[in-house]
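K.L.:
quick check, what structure comes out for this input:
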Amino acid sequence: MQTGEAVTVVRGEEELLARTAHLFASATDVACAANDLFTWQEAHAAAPSPLCPARTPETRIRKVYRSGMLLDPVAARRLETIRDRNGAQIRITADEINETIILDRRLAILAGDMRAGRRSYSVVTQPEVVQGVVSLFDVAWRSATDLAAYDARIAEIRQLAPQVLDLLGQGVKDETAARSLGLGVRTYRRRVAELLAALGATSRFQAGVRARELGLV
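P.N.:
Next up is the predicted model:
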């Protein structure tokens with residue numbers, strides 16, 4: 001563990017939980033931003049995680065996730081469970097986000113790199129730094145889309161995503177790929193564009209990389 005004046009760096013979720021579980025238990029305002037379901041231990045157990053506190057009438061829980069997650073039907077259902085179980089407000093964004101948890105707008109936890117099988121986390125209490133993190137989260141929150149609305153928008157491309165990603169990975173020409181899916185070329189290209197947007201990718205190559213990161217291929 002490394003400790004600074006207002007920043008403590010911990011290694012691994014076990015150490016993070018040991019230092020912060022009591023803060024999650026008492027928090028009434030929880031904000032979370034994540035690229036996937038694993039950074040904050042959401043997908044490691046069916047039971048509620050200390051990093052995903054149960055909602056009380058006094059608790060506000062807001063979560064922002066990257067849109068590529070919704071291309072995985074299992075992850076999409078998991079997000080619905082998190083929303084329904086905890087009463088969390090969940091929004092989706094295609095933009096890059098900093099994986100963060102903010103408690104009562106007074107403490108921020110920033111997810112770091114994965115080293116030797118363990119992720120590092122920076123626990124920040126310096127008010128000026130926390131306020132900056134809060135401001136970044138608020139911007140991401142305002143520009144994101146409600147889970148239900150985004151899920152409805154992406155439902156059709158989610159069904160086609162595995163086939164389209166496979167065709168893109170093989171370098172199949174658009175005309176041939178469209179024919180294999182029973183689509184017109186314009187429709188196929190529109191679906192590819194929608195897939196890239198959901199993955200937050202600007203190219204087909206980048207889409208493949210992002211899809212592998214999410215375990216979609």
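K.L.:
so where's this protein shaky on pLDDT?
P.N.:
1-5, 41-57, 116 (pLDDT under 70).
K.L.:
can you map out the strands along it?
P.N.:
2-3, 7-11, 29-34, 60-66, 89-93, 100-103, 107-115, 118-124, 145-146 (DSSP state E).
K.L.:
direction included, what does the fifth one pair against?
P.N.:
To tie it back to what came earlier, the one meant is strand 89-93. For strand 89-93, the paired strands and their directions (DSSP bridges) are strand 60-66 (parallel), strand 145-146 (antiparallel).
K.L.:
re the thing from before, nearest to Q170 among the strands of the chain would be which one?
P.N.:
Each of the strands of the chain has some distance to Q170 by CB to CB; the shortest is strand 60-66, at 25.4 Å. C-beta coordinates here come from the backbone N, C-alpha and C atoms, glycine included.
K.L.:
for the strands paired with strand 89-93, which one sits closest to E213?
P.N.:
strand 60-66 (10.0 Å).
K.L.:
just the C-alphas of the closest one, formatted as PDB.
P.N.:
In PDB, the C-alpha atoms belonging to strand 60-66 read as follows (Å, rounded to 0.1, in the frame of the first residue of the first chain):
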ATOM      1  CA  ARG A  60     -29.100   7.800  -4.500                       C
ATOM      2  CA  ILE A  61     -27.200   5.400  -6.800                       C
ATOM      3  CA  ARG A  62     -26.100   6.500 -10.200                       C
ATOM      4  CA  LYS A  63     -24.100   4.400 -12.600                       C
ATOM      5  CA  VAL A  64     -22.700   5.100 -16.100                       C
ATOM      6  CA  TYR A  65     -21.500   2.200 -18.300                       C
ATOM      7  CA  ARG A  66     -20.000   2.000 -21.700                       C
END
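K.L.:
flag every buried residue along the longest helix along the chain.
P.N.:
Criterion DSSP state H: the longest helix present in the chain is helix 147-170. For helix 147-170, burial by neighbour count (16 or more other CB atoms under 10 Å) applies to L147, Y150, D151, I154, I157, R158, L160, A161, V164, L165, L167, L168.
K.L.:
and if you look at stretch 194-203?
P.N.:
For stretch 194-203, using 16+ other CB under 10 Å, the buried residues are E194, L195, L196, A197, A198, L199, G200, A201.
K.L.:
pretty sure V9 contacts Y121?
P.N.:
Yes. Proximity of V9 to Y121 meets the contact threshold set by CB atoms under 8 Å, at 7.2 Å.
K.L.:
show me whatever sits in contact with both of these two.
P.N.:
G112 (CB atoms under 8 Å, 6 or more residues apart in numbering).
K.L.:
between those two, which is the more surrounded one?
P.N.:
Set side by side, V9 and Y121 show more neighbours around Y121, with 24 against 16, by other CB atoms under 10 Å.
K.L.:
tell me what the more buried one is bridged to.
P.N.:
Beta-bridge pairing for Y121 (DSSP bridges): V10, A111.
K.L.:
sorry, back to before: now for the buried residues of helix 147-170, which pair is the farthest apart?
P.N.:
L147 and L167 (28.3 Å).
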